[in-house]
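Chemist: Give me a 3D structure for the following:
(one chain, ligands or ions: 2)
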Amino acid sequence: MVTILDKTFGPFLSQDDIERRIGEMAAQINEDYHGKTPIFIVVLNGAFLFASELLKRLDLSCEVSFVRLASYEHLASTGTVREIMGLQEDIKDRDVVVIEDIVDTGLTMHQLLQQLQSKQPSSLVVATLLHKPEALVAPVTLQYAGFEIENKFVVGYGLDYDGLGRNLNAIYVLQQPS
Ligand code: XMP
Ligand code: MG
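Modeler: Ligands and ions are numbered 1, 2, ... in the order given. Next comes the predicted model:
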């Protein structure tokens, strides 16, 4: 169990589970982008640990860049996505892979994909560590998804509760008071 501020979180995915799955995702990406030079766009803050574990397993010539977005406050999506730090690189005619920690309602990813698509990449896909299919309200296709999870709030491995818990080396789920 981990306590963050006023909330208690129980074990959900171990570091071994997570990193084994990231290894599988990396193998698939290595195969799919063989001979290409993709650009990976990491969505900060949450995706930083997933991105580092994924990217260091890639045996590809590639670029890595970052955007910073925020849509969550406390435990729920606010429904509006704020762009805090935008993309500097030209992605026209590039193979783009967006790296995200979690796709929940899909609103963040839907908006980001629309923005990126308008810059005319030659391809554009998403790699997300976690995905909550039941929470999805915006249409997004996830080319690479690590784990499908229930519609519960999780922290750790980059994901935060009010800014805390990102450094946890595993993923924990919010315990409902009984
Ligand atoms: P949407 O709803 O736009 O949300 O798909 C995407 C962003 O919201 C954050 N998010 C979470 N953060 N535990 C967290 O710590 C969660 O269960 C959770 N669900 C969504 C996350 O930053 C993601 O990029
Ligand atoms: Mg995020």
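Chemist: quick one: average pLDDT of the longest helix along the chain?
Modeler: What stands out as the longest helix in the chain, according to DSSP state H, is helix 15-32. Helix 15-32 shows a mean pLDDT of 98.
Chemist: What lies in contact with the helix or strand just after that helix?
Modeler: Next in sequence after helix 15-32, counting helices and strands by DSSP states H and E, comes strand 39-44. Residues external to strand 39-44 that are found in contact with it (C-beta atoms under 8 Å, 6 or more residues apart in numbering): 48, 51, 55, 62-69, 85, 87, 89, 91, 94-101, 108, 112, 116. Where you see a C-beta, it was placed from the backbone N, CA and C, and this is true even at glycine.
Chemist: And stretch 107-119, by the same measure?
Modeler: Outside stretch 107-119, the residues that touch it by C-beta under 8 Å, 6+ apart are 41, 43, 67, 69, 71, 77, 79, 81, 83, 87, 90-92, 96, 98, 100, 103, 124, 126, 128, 137-140.
Chemist: Tell me, please, the helix or strand in the chain that averages the lowest pLDDT.
Modeler: None of the helices or strands of the chain scores lower by mean pLDDT, DSSP states H and E than strand 76-85, at a mean of 70.
Chemist: From the contacts of stretch 107-119, keep the buried residues only.
Modeler: For the contacts of stretch 107-119, a neighbour count by 16 or more other C-beta atoms under 10 Å gives the buried set as 41, 43, 67, 69, 71, 77, 81, 87, 91, 96, 98, 100, 103, 124, 126, 128, 140.
Chemist: Give me the subset of those lying in strands.
Modeler: Using DSSP state E, the members of these that fall in strands are 41, 43, 67, 69, 71, 77, 81, 96, 98, 100, 103, 124, 126, 128.
Chemist: Including distance to Glu150, could the residues you listed go into TSV?
Modeler: Converted to TSV, those look like this (distance: C-beta to C-beta, whole Å):
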residue	distance to Glu150
Ile41	28
Val43	22
Val67	28
Leu69	24
Ser71	20
Ser77	16
Val81	23
Val96	30
Val98	23
Glu100	18
Val103	14
Leu124	28
Val126	20
Thr128	16
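Chemist: If we check ligand 2, which of these are in contact?
Modeler: Checked against ligand 2 using C-beta under 5 Å from the ion, these yield no neighbours at all.
Chemist: which ones among these come in contact with ligand 1?
Modeler: Of the residues in these, proximity to ligand 1 by C-beta under 6 Å from any ligand atom holds for 71, 77, 100, 103.
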